[in-house]
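Trainee: structure of the sequence below:
(4 chains)
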Protein chains: 2
Amino acid sequence: MAGGARDPGRSVTSKALAVLSAFDLRTPSASLTVISDRAGLPLSTTHRLVAELVVWGGLVRKADGCYEIGPRLWALGLLAPVSRELREVALPFMQDLAATTGENVHIAVRQGIHALYIERIAGTRSVTVVSRSGTELPLHATGVGKVLLAHADQVIVREALAHLVRVTPFTVVERGRMVRQLAEIRRRGWAETAQEMTMGTCSVAVAVFGQTGDVVAALGVVATSSRRGLTKLVPALQLASRGITRTSRR
Amino acid sequence: MAGGARDPGRSVTSKALAVLSAFDLRTPSASLTVISDRAGLPLSTTHRLVAELVVWGGLVRKADGCYEIGPRLWALGLLAPVSRELREVALPFMQDLAATTGENVHIAVRQGIHALYIERIAGTRSVTVVSRSGTELPLHATGVGKVLLAHADQVIVREALAHLVRVTPFTVVERGRMVRQLAEIRRRGWAETAQEMTMGTCSVAVAVFGQTGDVVAALGVVATSSRRGLTKLVPALQLASRGITRTSRR
DNA sequence: CCATTGACTTCCACTCAATGGAAGGAATTC
DNA sequence: GAATTCCTTCCATTGAGTGGAAGTCAATGG
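Mentor: Model prediction:
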């Protein structure tokens, strides 16, 4: 009866990965039907793939029947260089920054034309923030993003300048102005934003260099303070950035 | 010619997962040949699977040709409950503990008969520690492990008591003594170890409760101090534990 | 300079593992 | 108790996956 009406051109692996892709920040937990919908796969196929992922430990079935990402996949993700090399080294310095400044501290790397947030440490003044580990935000509207863009390849810069999406009324969407800002960031060594991503919050950020002198990440502080107040934190950020560089790749 | 000599009884998915399983803490980066060896798959099959994983973003190829876990897999792992619910909530409390006590703070959950370390915060006195996020250590030889075991199901306790492996000369390997220690831990609300996992380091730990009153994790401090000194930190640990419970599941 | 080695990539005819519609359960709602 | 929702199992069909072999490329060394 069945069997014939396959979905040609799609590998088993791609289907298994589609199942995993069904999970994201807004859908960290999903029922079989939801997974099947989101992955665009027949229910029976999804059922089989999910079962295999559960046996392996990549997914876990909760009491209510919904599936979640399992510890095995979590532990595997920790092996990624962003976690194992960057986060591991940067965390103590970020803690010190958060403790002494009282503000939220971020570290991010560039992923295409987005800033990928690796870690966030909440300061004591704890502003509510949009970013979380794993979040991607546009390069042009965030402090860390501007730093990463200022040190990116020309191809990336051109790509990013072509997508200056307006997020708030203060987002810089004029190419010429952004180009001038990027030059300024390279010159003075730090970037700033004022309500360009979220209304009511400002940020400053500096580059984190690898042992070879290339920019591997950006370290930033986000707060509700005025720009003036945040600018004072630049020396502390630069100190932490140097510490991270010195500590990495022992 | 070929084609016939398959490896029957093994699904494509299981092979793809075997490729991922080739990566671990000791092998966070591997060449195609190494992956093929570790996964027990023919080179050409490995090649195809790896290529698909790279396209998806689960693996990344470095300049030297070796593969590493990619950002996509890392971000996916962050969706696991241990990270999204527990770590996210516990981190600020752990930071405070590390800042005020100056010692290394750990949080771990039980995974079978092992303590799975979720996060470690280095104190200012920074002892070198064995644990890292994602590490699994025996329940009976660690402070957090003993807490988790003391509140575990009888089936688990029996299983764990059957595997009291000696790690150091001070590891508790006598069943009767361990049973008495577990009862004591339940009674007074905290566990301690003295050089039972690593020579020269001691630890104390307390349970972290979920909203329903069940033990979901264990919070501990590891240091080179004497047991006497560490015991003083129990109230601080208990305070942090309560804070974590209160903050979770808003 | 060419032989050798090792690591990776591509090729292709064969075949069995994957397929997915349908039917059967189980639990919940109306 | 009928309808609905969600999950699980079944099975004949077939094309996606297979892996040995041959080809490519770079590095080593005689």
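
Trainee: what sits against residue A:181?
Mentor: Counting by Cβ atoms under 8 Å, 6 or more residues apart in numbering or on different chains, residue A:181 touches A:146, A:172, A:191. Where C-beta positions appear, they are placed from N, C-alpha and C, glycine not excepted.

Trainee: for it, what are phi and psi?
Mentor: phi -60, psi -40 (degrees, to the nearest 10).

Trainee: where exactly do the strands run in chain A?
Mentor: A:29-30, A:59-61, A:67-69, A:104-111, A:114-121, A:136-138, A:191-194, A:202-209, A:215-223 (DSSP state E).

Trainee: what's the closest of those strands to residue A:87?
Mentor: With Cβ to Cβ, the closest approach to residue A:87 among the strands of chain A belongs to strand A:114-121: 5.2 Å.

Trainee: what's in contact with the closest one?
Mentor: A:82-83, A:86-87, A:90-91, A:94-95, A:97-98, A:104-110, A:129, A:131-139, A:142, A:144-145, A:148, A:217-218, B:71, B:75, B:91, B:95.

Trainee: okay, now the sheet partners of that strand, with direction.
Mentor: strand A:104-111 (antiparallel), strand A:136-138 (antiparallel) (DSSP bridges).

Trainee: dump it to CSV, restricted to CA.
Mentor: C-alpha atoms of strand A:114-121 as CSV (Å, rounded to 0.1, in the frame of the first residue of the first chain):
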residue,chain,number,x,y,z
HIS,A,114,25.1,38.1,13.6
ALA,A,115,26.6,38.5,17.0
LEU,A,116,26.3,35.1,18.8
TYR,A,117,26.1,35.6,22.5
ILE,A,118,28.3,33.0,24.3
GLU,A,119,27.7,34.0,27.9
ARG,A,120,26.0,36.6,30.0
ILE,A,121,26.8,37.4,33.6
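
Trainee: quick check: the gap between residue A:211 and chain B.
Mentor: Distance, residue A:211 to chain B, using Cβ to the nearest Cβ, to the nearest Å: 15 Å.

Trainee: so what's the nearest residue to that residue once chain neighbours are set aside up against?
Mentor: Closest residue to residue A:211 apart from its sequence neighbours, by Cβ to Cβ, 6 or more residues apart in numbering or on different chains: residue A:249 at 5.2 Å. For residue A:249, the contacting residues are A:85, A:210, A:211, by Cβ under 8 Å, 6+ apart.

Trainee: for residue A:163, grab phi and psi.
Mentor: Dihedral angles (degrees, to the nearest 10) for residue A:163: phi -130, psi 50.

Trainee: quick one on the thing from earlier: tabulate the strands paired with strand A:114-121 in a markdown table, adding columns for mean neighbour count.
Mentor: Formatted as a markdown table, the strands paired with strand A:114-121 follow (neighbours: other Cβ atoms under 10 Å in any protein chain shown):
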| stretch | mean neighbour count |
| --- | --- |
| strand A:104-111 | 25 |
| strand A:136-138 | 19 |
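
Trainee: kindly reformat these as JSON lines containing distance to DNA strand C and mean pLDDT.
Mentor: What follows is the strands paired with strand A:114-121, written out as JSON lines (distance: least, Cβ to the nearest atom of the strand, whole Å; pLDDT from 0 to 100):
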{"stretch": "strand A:104-111", "distance to DNA strand C": "23", "mean pLDDT": "96"}
{"stretch": "strand A:136-138", "distance to DNA strand C": "28", "mean pLDDT": "96"}
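
Trainee: export those strands to JSON lines and tack on distance to residue B:11?
Mentor: Converted to JSON lines, those look like this (distance: least, Cβ to Cβ, whole Å):
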{"stretch": "strand A:104-111", "distance to residue B:11": "32"}
{"stretch": "strand A:136-138", "distance to residue B:11": "33"}
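
Trainee: touching stretch A:233-245 from outside, list them.
Mentor: A:89-90, A:93-94, A:96-97, A:100-101, A:103, A:189-190, A:204-211, A:217, A:219-221.

Trainee: buried residues in stretch A:27-43?
Mentor: Buried residues in stretch A:27-43, counted by 16 or more other Cβ atoms under 10 Å in any protein chain shown: A:28, A:29, A:30, A:32, A:34, A:35, A:36, A:38, A:39, A:41.
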